[in-house]
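**Q** Take a look and give me a structure for this.
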Amino acid sequence: MILNTEKLILRQWHVDDYQPFAKLNANSEVMAFYPNKLTTFESDRFAQKLESLIKKRGWGLWAGECKVDSQFIGYIGLHDTEATLPFYPRIEIGWRLSRAYWGNGYATEGAKAAMQFAFEVLLLDEVISFTSVKNSRSQAVMRRLGMMNTGENFEHPAIPEGHPLREHVYYKMIRSDWFFNRD
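**A** Model prediction:
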């Protein structure tokens, strides 16, 4: 499955995406709201997992490619939540983009395509998203998508107690809101 938008192609991962993905996963700004940057080995394993999940299901956290320059910019798409999260099982929408591509609307544009896929192809009843309470940029994308803050903040179990990124916000959108609010 490939999703096309005005400025992006969301597609299956290629081996040549791994090096720029490792670079963005090692970037302090990109990873500011994650407890750790990733090593090249960790990043490659993560990319392989995402590639495998898309191959198995036909959807996932797709590799994002910018149509203007044909460059890999990060990932955008859908993912199963981890069993340790308080709202498991749910499908989350997420993105992680190279710093050079921030501020161009790519996260919102790609996430809208993923949201459309979730509600119109997968026929999901809801899609969720979450991030550190400190991550105002991602929360702004969630609001631009029409997602609502549930007010149900939670302590992320994968982040150590006392860590400044442990508290997370929890946003969601239900299918009827998608059809009511979409452009």
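**Q** quick one, strands of this structure?
**A** For the chain, the strands defined by DSSP state E cover 3-4, 8-11, 61-66, 72-80, 91-97, 126-132, 148-149, 154-155, 167-174.
**Q** ok, and what's touching the first one?
**A** If I follow you right, that is strand 3-4. Outside strand 3-4, the residues within contact range by Cβ atoms under 8 Å, 6 or more residues apart in numbering are I9, L10, R11, W62, G110, A113, A114, F117. The C-beta positions use only the backbone N, C-alpha and C, and glycine is treated the same way.
**Q** As TSV, those residues with pLDDT and distance to Q48 would be great.
**A** What follows is the contacts of strand 3-4, written out as TSV (pLDDT from 0 to 100; distance: Cβ to Cβ, whole Å):
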residue	pLDDT	distance to Q48
I9	98	20
L10	98	18
R11	97	16
W62	98	15
G110	97	21
A113	97	24
A114	97	21
F117	96	22
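**Q** for the residues you listed, which one is nearest D69?
**A** Closest approach between the contacts of strand 3-4 and D69, by Cβ to Cβ: I9, at 11.8 Å.
**Q** neighbours of the residue lying closest to the closest one once chain neighbours are set aside, just the number please.
**A** Nearest non-adjacent residue to I9, counting by Cβ to Cβ, 6 or more residues apart in numbering: E65, 4.4 Å away. The number of residues packed near E65 is 20, by other Cβ atoms under 10 Å.
**Q** where does the chain dip in pLDDT?
**A** 182-183 (pLDDT under 70).
**Q** I'd like the strands of the chain as JSON lines, with distance to N25 appended.
**A** Compiled in JSON lines, the strands of the chain are given as follows (distance: least, Cβ to Cβ, whole Å):
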{"stretch": "strand 3-4", "distance to N25": "22"}
{"stretch": "strand 8-11", "distance to N25": "19"}
{"stretch": "strand 61-66", "distance to N25": "13"}
{"stretch": "strand 72-80", "distance to N25": "9"}
{"stretch": "strand 91-97", "distance to N25": "8"}
{"stretch": "strand 126-132", "distance to N25": "16"}
{"stretch": "strand 148-149", "distance to N25": "27"}
{"stretch": "strand 154-155", "distance to N25": "24"}
{"stretch": "strand 167-174", "distance to N25": "20"}
